[in-house]
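In: this is a predicted model, with the sequence first.
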Amino acid sequence: MISVSLISLIISVVFNNNFLMVMSIRRTVFLPSLLDILYFNFFEENHLYWSETFNGVFFNYPYKHPHAFIIGEKYFGTIIWNANNGVISDGFMNFGMLGVFINSILIALYFSFLNQLNISSKFFGIFFLLFFVIISSSLTTVMLTHGGILLLFVSFFILKNSQSKMNDL
């Protein structure tokens, strides 16, 4: 991290090009934290209760646009700025601190289940990618459209006990 920071700073100063710094440092370190703060501020007394996620089965969704566009418009001045969030701010947006707790418990249960399957470390990259998707997307989006549930089934039916199978090779 220090090396990337120094290299991006040198490139920024010498070549007057901020691309590497923006893509490596700002987008991975500062932007997610800023978005969390913005979500906390906007949804402080204004929780959605998963109305956007489950098609408003229990509660009506109060906005015309998805939440990421609402945050983009409110804080960045344009609806085009799709300010999607991670699981922490998603939980807060939906149910306050209790939502953060619920999302945290669900993620812990998910990874605990995967941990019990005795999966070979050779498949680490797949789960590493899932971890980064969880950080930058809402939990229901990760499970339904980013492959979280599919990975769970693949892990259980195909990758289960692959640690011992790989050792036998």
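Out: Alright, I've got the coordinates.
In: all the strands of this structure, residue numbers only.
Out: With DSSP state E, there are no strands along the chain.
In: in the longest helix seen in it, what's buried?
Out: Counting by DSSP state H, the longest helix found in the chain is helix 87-115. By neighbour count with 16 or more other Cβ atoms under 10 Å, helix 87-115 contains the buried residues 87-96, 99-100, 103, 107, 110, 114. All C-beta atoms are positioned from the backbone trio N, CA, C, and that covers glycine.
In: same deal with stretch 155-169?
Out: For stretch 155-169, burial by neighbour count (16+ other Cβ under 10 Å) applies to 155, 159, 162.
In: apart from its chain neighbours, what residue comes closest to residue 66?
Out: The shortest distance from residue 66 to any residue other than its chain neighbours is 6.6 Å, reached at residue 52 (Cβ to Cβ, 6 or more residues apart in numbering).
In: so that neighbour touches residue 65, yeah?
Out: No - assessed by Cβ atoms under 8 Å, residue 52 is found out of contact with residue 65, at 10.1 Å.
In: who has more neighbours, the two?
Out: Using other Cβ atoms under 10 Å, the more surrounded residue of residue 52 and residue 65 is residue 52, with 19 against 12.
In: give me the mean pLDDT for stretch 61-79.
Out: For stretch 61-79, mean pLDDT rounds to 90.
In: show me which positions of that stretch end up buried.
Out: Residues of stretch 61-79 classed as buried by neighbour count (16+ other Cβ under 10 Å): 61, 67, 68, 69, 70, 71, 72, 75, 79.
In: for stretch 7-27, same thing?
Out: Within stretch 7-27, the residues that qualify as buried are 8, 12, 20, 21, 25, counting by 16+ other Cβ under 10 Å.
In: which outside residues touch it?
Out: Stretch 7-27 is touched from outside by 4, 5, with contacts defined as Cβ atoms under 8 Å, 6 or more residues apart in numbering.
In: so how far is that stretch from its chain's centroid?
Out: In terms of Cα atoms, centre = their mean, to the nearest Å, the centre of stretch 7-27 is set 24 Å apart from its chain centre.
In: can you measure across that stretch, start residue to end residue?
Out: End-to-end distance for stretch 7-27, by Cα to Cα, to the nearest Å: 16 Å.
In: and residue 13, how far from residue 5?
Out: As judged by Cβ to Cβ, to the nearest Å, residue 13 and residue 5 stand 13 Å apart.
In: same check, this time on residue 23
Out: 12 Å.
In: again, but for residue 14
Out: Counting by Cβ to Cβ - residue 14 and residue 5 are separated by 15 Å.
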